[in-house]
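K.L.:
Give me a model of this one.
(one chain, ligands or ions: 2)
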Amino acid sequence: MRLKDLSTYDRVINSRAMISEAAEFFKQIPSLPGVIVAEENVFCGMISRKHLFEALGRPFGIELLFKRTAKEFCDLYPGKPLILEASMLIEDAVKDALARSPEEIYEPIVVHSGQNGYTLLDMQTLLHAQRNELIRLYNEVQKLSVKDPLTDINNRRGFLEAVNPLVQFASKTKKCYSILMIDIDQFKLVNDIYGHLVGDHVIRSVARECARMVRTSDIMGRYGGEEFVIFLPETMVDEAFKIAERIRQNIQNLVTYANGSQVSVTISIGISYMDRADSTLDSLLVRADQALYAAKNSGRNRTIIWDALVACNMRRDIVAGQTGISAEDNDCRQVDEARIYDETIEGWARALELRDRETKGHADRVTYLAVELAREMGFDDLDLVDIRRGALLHDIGKIAIPDHILLKPGALTEEEWAVMRQHPVYAFELLSPITFLQRSIDIPYCHHEHWNGGGYPRGLKGQEIPLSARIFTVVDVWDALTTDRCYRPAWSPEQAKQYLIEESGRLFDPNIVEIFLNMLKEITLSQAPILIQELFGS
Ligand SMILES: [Fe+2]
Ligand SMILES: [Fe+2]
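P.N.:
Ligands and ions are numbered 1, 2, ... in the order given. Here you go, the predicted model:
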């Protein structure tokens with residue numbers, strides 16, 4: 001084959017050059033998929049880019065060794081990769097490649113006329129086939145570099161590449177645009193409880209639903225693990241808010257069926273918008289992210305506009321300034337207020353214990369276990385505060401149960417049970433008007449709901465039961481079984497464990513039982529009561 005026949009290929013380099021010289025082509029032309037190596041006028045090989053290797057999922061071409069040591073390279077690509085020093089002559093590299101069997105190293109693309117029996121015609125055919133394959137692979141790599149393989153929407157790079165020209169156009173023409181930053185709430189819990197396979201399904205469903213709801217002119221991308229971004233061209237912030245809220249409400253009603261589980265999630269959304277002609281994409285992405293963070297901090301499953309966040313912070317600073325209170329003092333005051341709230345709640349819990357002596361120490365123990373279990377499941381510190389308060393107050397509704405029922409030594413009649421089953425409702429009525437306890441109400445209201453729908457007061461089923469209540473139910477029953485009651489002595493930890501397993505999927509969320517029992521293994525069953533006693537002095 002003459003060199004002129006090779007001129008249709010991207011780059012040709014003499015085989016007596018060093019590998020490092022071939023490498024220069026790669027550095028200079030990032031889009032170049034490979035370098036054709038030729039000896040005088042004879043094709044003798046191909047050096048491919050690393051991303052072709054990745055796209056194929058198997059070795060392809062001669063991998064170049066630049067900045068990595070041979071060991072690092074082998075660690076990175078298990079198997080038997082061909083290692084070439086940058087100072088090596090290409091022809092030596094080719095010989096080295098030919099000395100190995102194709103299964104051992106790369107695709108048999110390193111060929112030399114006369115040495116391996118290929119005729120010129122065969123080689124020409126092979127070359128054309130390879131070029132077509134390379135073009136196909138290159139297109140595939142290009143697609144992979146901008147698309148997220150899980151959701152098939154733009155990845156971060158694809159999003160930025162698509163949006164950048166639109167932002168420049170908007171700046172020139174003074175057209176407005178808005179950005180939505182979206183994050184799935186408490187996604188870590190989904191992965192922990194249902195596994196990553198289901199987690200991936202949830203990400204796909206959310207991406208699909210968001211993509212379904214945006215306009216054809218909008219550009220959407222997966223920005224990170226469970227984070228999405230949507231660029232809304234020529235969209236004022238009020239319209240962006242309406243779009244965001246529609247998306248948020250639709251996701252709230254979306255149920256993902258995967259691997260035998262039904263999963264519902266919520267999302268938080270931060271919005272930023274172009275407020276000046278010189279707004280940059282970077283600054284608006286940062287603002288949208290800040291607004292998203294604020295949405296998370298104010299309870300999740302909501303949309304916050306960056307402007308509103310700034311106004312809110314400014315208002316707080318002005319109030320602090322007018323009252324002569326510094327920001328630090330203001331923070332201290334909030335900490336003090338939180339402490340007073342908690343002391344009040346603990347007082348209520350103790351008041352109930354005084355009345356219902358059977359449960360002495362029960363509220364402290366179940367609070368400890370519920371918080372530890374929720375922590376194990378990935379709840380953040382803000383959630384743990386709510387769970388702690390809800391657990392302490394879980395039976396607060398019993399203060400409305402008459403003494404002759406609450407303190408009755410024998411079994412309750414059906415009518416008495418009907419009254420007793422009202423205690424979650426009384427708790428709801430008592431706590432719901434108290435603003436700072438509204439995020440803690442799920443446990444007092446729902447801790448007697450059963451996974452199979454057979455509980456009370458509302459007969460909620462499966463994931464209709466709030467997660468914090470499902471967690472609490474497990475530890476509440478565990479503690480009831482493992483402590484002495486007037487009607488029966490305490491069960492051994494092994495008996496209680498067996499009960500939880502037997503009732504898993506009937507009374508209890510099976511995933512939570514599994515996590516709880518694993519957590520107990522770490523504390524060890526015999527240590528648990530001691531730990532709790534030490535912590536709470538009960
Ligand atoms: Fe209860
Ligand atoms: Fe309880």
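K.L.:
Low-confidence stretches in the chain?
P.N.:
1-88, 90-144, 277-278, 307-339, 357-360, 486-487, 522-538 (pLDDT under 70).
K.L.:
how about the strands of it, start to end?
P.N.:
Along the chain, the segments classed as strands by DSSP state E run 12-14, 34-39, 42-48, 177-184, 219-222, 227-233, 256-258, 261-263, 267-273, 303-305.
K.L.:
doesn't G390 make contact with F379?
P.N.:
No - look at F379 against G390 with Cβ atoms under 8 Å: they stay out of range, at 12.0 Å. Heads up, the C-betas are built off the backbone N, CA and C, glycines and all.
K.L.:
In terms of neighbours, single out the busier of those two.
P.N.:
Taking neighbours as other Cβ atoms under 10 Å, F379 and G390 compare with G390 leading, 29 against 21.
K.L.:
which ones are touching the residue lying closest to the more buried one once chain neighbours are set aside?
P.N.:
When the adjacent residues along the chain are set aside, G390 lies closest to I443, with 3.3 Å between them (Cβ to Cβ, 6 or more residues apart in numbering). If you count contacts by Cβ atoms under 8 Å, 6 or more residues apart in numbering, I443 has them with 370, 387, 390-391, 393-394, 468-469, 472.
K.L.:
got it, and G455?
P.N.:
So G455 contacts 448-449, 465, 507 (Cβ under 8 Å, 6+ apart).
K.L.:
Looking at those residues, spot the one nearest L232.
P.N.:
I465 (36.5 Å; Cβ to Cβ).
K.L.:
residues contacting the closest one?
P.N.:
Residues in contact with I465, defined by Cβ under 8 Å, 6+ apart, are 446, 449, 451, 455, 509.
K.L.:
any idea how far E376 is from it?
P.N.:
Distance of I465 to E376, computed by Cβ to Cβ, to the nearest Å: 19 Å.
K.L.:
Distance-wise, check the residue lying closest to V237 once chain neighbours are set aside relative to L507.
P.N.:
The shortest distance from V237 to any residue other than its chain neighbours is 4.1 Å, reached at Y273 (Cβ to Cβ, 6+ apart). Using Cβ to Cβ, Y273 is found at 49 Å from L507.
K.L.:
one step back: and the two most separated of the contacts of G455?
P.N.:
I465 and L507 (11.0 Å).
K.L.:
shared neighbours, these two?
P.N.:
Shared contacts of I465 and L507, counting by Cβ under 8 Å, 6+ apart, come down to 451, 455.
K.L.:
What ranges does the stretch 351-500 of the chain have for its helices?
P.N.:
Assigned by DSSP state H, counting those that start in this stretch, the stretch 351-500 of the chain shows helices spanning 362-376, 381-392, 403-406, 414-420, 423-431, 442-446, 467-482, 493-503.
K.L.:
so which of those helices comes closest to T303?
P.N.:
So among these, helix 381-392 is nearest, using Cβ to Cβ, at 18.7 Å.
K.L.:
buried residues in that closest one?
P.N.:
Of the residues in helix 381-392, 383-392 count as buried by neighbour count, 16 or more other Cβ atoms under 10 Å.
K.L.:
Name the surrounding residues that touch that helix.
P.N.:
186, 297, 338, 341-342, 345-346, 348-349, 363-364, 366-367, 370-371, 374-375, 379, 437, 439-444, 468, 471-472, 475.
K.L.:
That helix versus helix 467-482: what angle between them?
P.N.:
40 degrees (axes from the mean of the first three to the mean of the last three Cα atoms, to 10 degrees).
K.L.:
In a markdown table, list the buried residues of helix 381-392 along with distance to Q495.
P.N.:
Listed next are the buried residues of helix 381-392 as a markdown table, based on distance: Cβ to Cβ, whole Å:
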| residue | distance to Q495 |
| --- | --- |
| D383 | 32 |
| L384 | 30 |
| V385 | 33 |
| D386 | 32 |
| I387 | 27 |
| R388 | 28 |
| R389 | 31 |
| G390 | 28 |
| A391 | 24 |
| L392 | 27 |
